[in-house]
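> the sequence and its predicted three-dimensional model are supplied below.
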Amino acid sequence: MAGVVVVVLRRRPLGAPQFRSNWLVDPSTGSYTASIPSPTGIPADPELTAHGVDQAKELGAHLLTVEPPIEAVYSSPYYRCLQTITPFVTLQKERLNRLRGQDVGRNADTNAITIRPEHGLCEWYGAAPFEHPTPASSDVLKSMFPHLNDAYRSAVFPARNGETIAQLHDRVAAGVQAIIEQCDTEGKRAVVLCSHAASIIALGRVLTGVMPETIDAEDFRAFTCGLMQQLNNPGPRPLSAPAATTSARLLSLDRCLVPV
């Protein structure tokens, strides 16, 4: 586990419509609505705006420079996250094809980099007496995102009726534990995770093993296209576990790639 470098990124902050459209929910009925139709037909699953797409392209170019090179991609299956990480996967495949054409990377597998849709990285919905939306199925998403690995099976799924903060932390901890174990087994040195604000705050805590005294502490910020690189992993830790005795080393913490 200590050999895996985890790079975490997120999509836009809630309440900034220049990056993606928003949605509404009636708390008395659990009915979700959106003013702009979603490509998947799910109100809580909007696509990026033109500005958000530009950010995703800039992010994709930056991820090509990460060392060690990213060898595995996991993403929340929501449309906006898949749309965010797709430019990187496309650029990576193009780079590998060029290397093969130059006979430099003739053994490179251009199919090695795919998007693994992991529900453990999904959006957080608070506990409620009704069921919250879920992402579209892999069959639907594959037709929209050809790089999606529709054979991948998620390790964790959020509760349909939402989660408490503690349940969010435990879900993220279980999800990233499974991801790191899989990367260890496959010999992957670096992995990128694309997720949402609340899940990324939880990711920062479970990856470092450092939990704040209060859950509302501003210890990890999730900026638009923010990038966090984590090394020397002490191991994912759920909210209820004892405090970590060793702190992790963080690089590029909360770096905003595009000024907003």
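Good, I have the coordinates. Numbers count the residues shown, from 1 in each chain.
> C-alpha from now on. contacts and neighbour counts both.
Noted.
> could I get the full set of strands for the chain?
5-10, 24-26, 31-33, 72-75, 115-117, 190-195, 226-231, 249-256 (DSSP state E).
> bridged to the residue nearest to the spatial centre of the chain, which residues?
Residue closest to the average C-alpha location in the chain (Cα atoms, centre = their mean): Cys194, at 2.0 Å. Beta-bridge partners recorded for Cys194 (DSSP bridges): Leu9, Ser75.
> hang on, it packs against Tyr74?
Yes: the criterion here is Cα atoms under 8 Å, and Cys194 meets it with Tyr74 at 6.4 Å.
> return the helix or strand in the protein with minimum mean pLDDT.
strand 249-256 (a mean of 30; mean pLDDT, DSSP states H and E).
> sketch out the low-pLDDT regions of the stretch 101-250 of the chain for me.
Applying pLDDT under 70 to the stretch 101-250 of the chain picks out residues 103-111, 219, 221-226, 230-250.
> which residue ranges of it form helices?
138-144, 165-186, 197-208 (DSSP state H, counting those that start in this stretch).
> what angle sits between the longest one and helix 197-208?
Spelled out, that is helix 165-186. Between helix 165-186 and helix 197-208, the angle comes out at 60 degrees (axes from the mean of the first three to the mean of the last three Cα atoms, to 10 degrees).
> could you say what helices and strands helix 165-186 packs with?
helix 197-208 (3 or more Cα pairs under 8 Å, 6 or more residues apart in numbering; DSSP states H and E).
> gap between Asp54 and Gln167?
34 Å (Cα to Cα, to the nearest Å).
> so which of these two has more stuff around it?
Gln167 (19 against 16; other Cα atoms under 10 Å).
> for that one, which residues are in contact?
Gln167 makes contact with no residue, according to Cα atoms under 8 Å, 6 or more residues apart in numbering.
> do the same with Ser154
Ser154 touches Pro117, Glu118, His119, Gly120, counting by Cα under 8 Å, 6+ apart.
> and the residue lying closest to Pro46 once chain neighbours are set aside, its phi and psi?
Computed as Cα to Cα, 6 or more residues apart in numbering, the closest residue to Pro46 that is not its neighbour in sequence is Ser38, at 4.9 Å. Backbone torsions for Ser38, taken as degrees, to the nearest 10, come to phi -90, psi 150.
> report how many residues lie close to Ser38.
15.
> same question for Gly101.
11.
> what about it, distance to Glu94?
10 Å.
> now for those two: what residues contact both?
Common neighbours of Gly101 and Glu94 (Cα under 8 Å, 6+ apart) do not exist.
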